[in-house]
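> Task: produce atomic coordinates for the following.
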Amino acid sequence: MEEPARSPDGSEQGPQGRELMASSTGSTLCMSSSRSESVWTGSTPRSRWDIYRKPLVVVAVGVAVFLFGVVITSLACFLKKHKKVYKMSGPAFLSLGLMLLVCGLVWIPIIRKKQKQRQKSQFLQSLKCFFFNR
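Residues are numbered from 1 along each chain as shown. This is a model prediction of the structure:
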């Protein structure tokens, strides 16, 4: 046997109650999503520095570590003392710097794509609210 649908408080609901609940949640969903958007995006627009600060820092650190690895690796060629240490640590810094550099360079287009998607979703959300809240 099928049991009738129950609301969260435990009372039974018929089909009309479910339709009413669905229609009332449509308008509250629109209002609540716009409120949550304002919480996450903030009321003031973010500057380009705020948006791209983290990937640019990762790129800068990656370049610095990579150049440090180049210097350490070249020291292995010129200095005879501690040659094994330079030969082991130089390539490690090279690979770490290159990894950070690539991660930062890949992060920038990802942020651009997310911003375009966010602008589209905000526009579509405002259209949805306009047409369904009449």
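
> What number of neighbouring residues does Phe66 come out with?
Using other C-beta atoms under 10 Å, Phe66 has 19 other residues around it. All C-beta atoms are positioned from the backbone trio N, CA, C, and that covers glycine.

> you'd agree it is up against Leu101?
Yes - with contact defined as C-beta atoms under 8 Å, Phe66 and Leu101 form a contacting pair (6.1 Å).

> which stretches of the protein have low pLDDT?
Counting by pLDDT under 70, the chain shows low-confidence ranges at 1-44, 134.

> now the helices for it?
In the chain, the helices defined using DSSP state H lie at 15-41, 48-78, 83-132.

> Please work out how many residues are found near the closest residue to Pro55 other than its chain neighbours.
Spatial nearest neighbour of Pro55, chain neighbours left out: Trp107 (4.0 Å); criterion: C-beta to C-beta, 6 or more residues apart in numbering. Trp107 is flanked by 16 other residues according to other C-beta under 10 Å.

> ok, now Val65?
Residues near Val65, counting by other C-beta under 10 Å: 20.

> In stretch 46-65, which of the residues would be classed as buried?
Residues of stretch 46-65 classed as buried: 51-52, 55, 58-59, 62, 65 (neighbour count, 16 or more other C-beta atoms under 10 Å).

> In JSON lines, list those along with distance to Val71.
Listed next are the buried residues of stretch 46-65 as JSON lines, based on distance: C-beta to C-beta, whole Å:
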{"residue": "Ile51", "distance to Val71": "33"}
{"residue": "Tyr52", "distance to Val71": "28"}
{"residue": "Pro55", "distance to Val71": "25"}
{"residue": "Val58", "distance to Val71": "21"}
{"residue": "Val59", "distance to Val71": "19"}
{"residue": "Gly62", "distance to Val71": "15"}
{"residue": "Val65", "distance to Val71": "11"}
